[in-house]
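Student: Sequence first, predicted model second:
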Amino acid sequence: MPNISRDEVAHLAKLARLAVTDDELNVFAGQLDHILDAVAKVSEVAADDVPPTSHAVPLTNVFREDVARPGLTQQQALAGAPAAEEGRFRVPRILGEEQ
């Protein structure tokens with residue numbers, strides 16, 4: 001069972017360049033103890049005979065076949081545009097006069 005001292009918390013705070021009060025040292029020491037206890041419990045569960053996994057359930061390829069389908073013509077795409085110019089969408093300039 002880990003037991004973090006106030007001195008260790010003060011040292012960690014100094015390394016992290018955190019200003020902490022004496023009251024915070026006590027609070028943080030208790031919180032770090034709880035965190036380390038939780039990590040220790042997880043470490044106990046992990047066994048050498050359990051293979052590492054990236055997902056809880058097996059995954060299969062869920063992608064569909066890539067099939068070309070007809071799309072819109074240029075005129076159809078520009079038909080709903082508020083403004084078009086030279087076969088392209090016309091939009092307001094947003095970067096000033098630079099080119």
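Tutor: Cool, the structure landed.

Student: if I've got this straight, residue 14 is in a helix?
Tutor: Yes: looking at residue 14 with DSSP: H, G, I helix; E, B strand; the rest coil, it is inside a helix.

Student: what about it, neighbour count?
Tutor: 11 (other Cβ atoms under 10 Å). Quick note: C-beta positions are derived from backbone N, CA and C, even for glycine.

Student: mind checking which helix or strand of this structure has the lowest mean pLDDT?
Tutor: Ranked by mean pLDDT, DSSP states H and E, the weakest helix or strand in the chain is helix 22-45, scoring a mean of 88.

Student: and that one, how far out from the chain's middle?
Tutor: The chain centroid and the centroid of helix 22-45 are separated by 24 Å, computed with Cα atoms, centre = their mean, to the nearest Å.

Student: With stretch 52-66 instead?
Tutor: Taking the mean of its C-alpha atoms, stretch 52-66 sits 20 Å from the chain's own mean (Cα atoms, centre = their mean).

Student: Now do the residue located most distally from the centre of the chain against residue 71, distance only.
Tutor: Here the chain reaches farthest from its C-alpha mean at residue 86, the gap being 42.1 Å by Cα atoms, centre = their mean. As judged by Cβ to Cβ, to the nearest Å, residue 86 and residue 71 stand 20 Å apart.
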